[in-house]
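**Student:** Predicted coordinates and the sequence they were generated for:
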Amino acid sequence: MKRRQFIAASAGALFLPAMGLRRSLLAAKRRLGINVLGPANQAISILKRLGITQVRTTLYWISWADPRRYNDAIQPDPGGLTQAQRFARDVGLFRSAGLDVLAVVHSPPLGMTLAQGVVALPAFMAARAGEFRGLAWQIMNEVDAADQNDNGWFHAKDAQYSQSRRGDLYGQLLAPVYDAIKRADQSALVVSGGIALEPTAFFAGLAARARGKYDAIAVHCYGNPVVQPFGAKSVAMRAVLGGTPLWCTEWGLSTADDSEQSRQIGECLDDNDAHNLSILEASGFTLDSSQAIYKLDYYRNRNTAKRIARVPASVTSSVLRLPALIRRGYLSLLSSPVVLFVHPWEFVDLTRERLRYDCRFRTGEPALDCVRAVLQSYASHGARFVRMRELLPEQANAA
């Protein structure tokens, strides 16, 4: 093994606000989510072929206790499942397929007021979070644009209510729901209901009432060209969110032209990538290692940074947990500098958890042993271990 520079990076040190869309359905290993409204068992094979990694599904609060049974066309069927059983089945199928699940919860029982919901929804969500651990939960949906999914609690159609005031009302609901979910499941994520209209005023009202009672803020973007609302909301929200992640949980344009759809997806993803870098630059960062040399996107967007040296990761972390013979062959092909990373959770035994196989195999103590063996191997072959900042002059000059 020839002498190499070796850099170890820990993943998760910097979590950038980023919308969840990715370059296209065919892009290599970029995280892409999709809304699934039909039966999960019919969708999974298609989602896997497309490279989808996240799904968004709906839990209708009003239907949870409905004893009626339905078929896949949501028609009454004595042999079917209840809505609660259907949700449990779909979540189980998604997770077994290695898909991350965002569950949107809306439609309270008819006649329930906001004051009653502030009491009832936290209890309901605590039970669901305990039952379906590890999910992301989006609480309500487009509360600033439509009244039909929330009994009109937030006065979306009342011109006398400003976006800020609607955000304040929503914060009254979200704060106790957030606390209840976290008590039931610390691993759960709580996402705001997708903001359909101008987002910053709504967020100002929400943050004033319930700052920190969310793990991500969601917006929705539609239009043609869709990059205009996507970019505008991205810029506006990144200016006020700080480190809070920004999720785009609904996105689209009406066209039957697949090539046009692909082109506009690409425009939005380019816009998203550019703004991620601008956040780093504005914050004074001089080095970024969020790219991966083993992904196609690295070769598409190599020169978008102006003042940041970019040092890509050499290989995904699960490679370090492969059997030694396979691992050594893989690592021997890497060029200098070798940049490896690990996730802290890989050192916890997750082998029995319902996760993608690459996320759980040989985790825990075996992962520690593997990393130790990799470092010892590089050291025995004369590798020079350096801090990433030591590459800054070299990378900057190369740029």
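**Tutor:** Right, received. Where do you want to start?
**Student:** State the helix or strand in which Leu102 lies.
**Tutor:** Assigned by DSSP states H and E, Leu102 falls within strand 100-106.
**Student:** tell me the average confidence for stretch 173-180?
**Tutor:** Mean pLDDT, stretch 173-180: 98.
**Student:** Can you pull out the residues in contact with that stretch?
**Tutor:** Identification of contacts with stretch 173-180 by C-beta atoms under 8 Å, 6 or more residues apart in numbering yields 114, 117-118, 121-123, 125-126, 129, 139-140, 153, 190, 192, 206, 209-210, 213-214. Quick note: C-beta positions are derived from backbone N, CA and C, even for glycine.
**Student:** ok, 7 Å please
**Tutor:** With contact meaning C-beta atoms under 7 Å, 6 or more residues apart in numbering, stretch 173-180 is reached by 114, 117-118, 121-123, 125-126, 139, 190, 192, 209-210, 213-214.
**Student:** Please point out which parts of it sit buried.
**Tutor:** Residues of stretch 173-180 classed as buried: 173-180 (neighbour count, 16 or more other C-beta atoms under 10 Å).
**Student:** Can I get these in CSV including secondary structure and distance to Glu198?
**Tutor:** Output for the buried residues of stretch 173-180, formatted as CSV (DSSP: H, G, I helix; E, B strand; the rest coil; distance: C-beta to C-beta, whole Å):
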residue, secondary structure, distance to Glu198
Leu173, helix, 20
Leu174, helix, 19
Ala175, helix, 22
Pro176, helix, 26
Val177, helix, 24
Tyr178, helix, 23
Asp179, helix, 28
Ala180, helix, 29
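**Student:** Which single one of these is nearest to Gln83?
**Tutor:** Of all those, Val177 has the smallest distance to Gln83: 20.3 Å, by C-beta to C-beta.
**Student:** circling back to that earlier point, partner strands of the strand holding Leu102, parallel or antiparallel?
**Tutor:** Sheet pairing for strand 100-106, assigned by DSSP bridges, gives strand 54-60 (parallel), strand 136-139 (parallel).
**Student:** In JSON lines: those, plus mean neighbour count and mean pLDDT.
**Tutor:** Output for the strands paired with strand 100-106, formatted as JSON lines (neighbours: other C-beta atoms under 10 Å; pLDDT from 0 to 100):
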{"stretch": "strand 54-60", "mean neighbour count": "21", "mean pLDDT": "93"}
{"stretch": "strand 136-139", "mean neighbour count": "22", "mean pLDDT": "98"}
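**Student:** Looking at the ones you listed, which is nearest to Pro76?
**Tutor:** Of all the strands paired with strand 100-106, strand 54-60 sits nearest to Pro76, with 15.7 Å by C-beta to C-beta.
**Student:** Need the contact partners of whichever helix or strand comes after that closest one.
**Tutor:** Using DSSP H and E, the helix or strand that follows strand 54-60 towards the C-terminus is helix 83-96. Helix 83-96 has contacts (C-beta under 7 Å, 6+ apart) with 40-41, 44, 55, 57, 59-60, 63-64, 66, 70, 81, 101, 132, 354.
**Student:** Try it again at 8 Å.
**Tutor:** Helix 83-96 is contacted from outside by 36, 39-41, 44, 55, 57, 59-60, 63-66, 70, 81, 101, 103, 131-132, 135, 354, using C-beta under 8 Å, 6+ apart.
**Student:** now do stretch 58-71
**Tutor:** The set of residues external to stretch 58-71 that reach it, using C-beta under 8 Å, 6+ apart, is 37, 76-84, 86-87, 103-110, 121, 124, 128.
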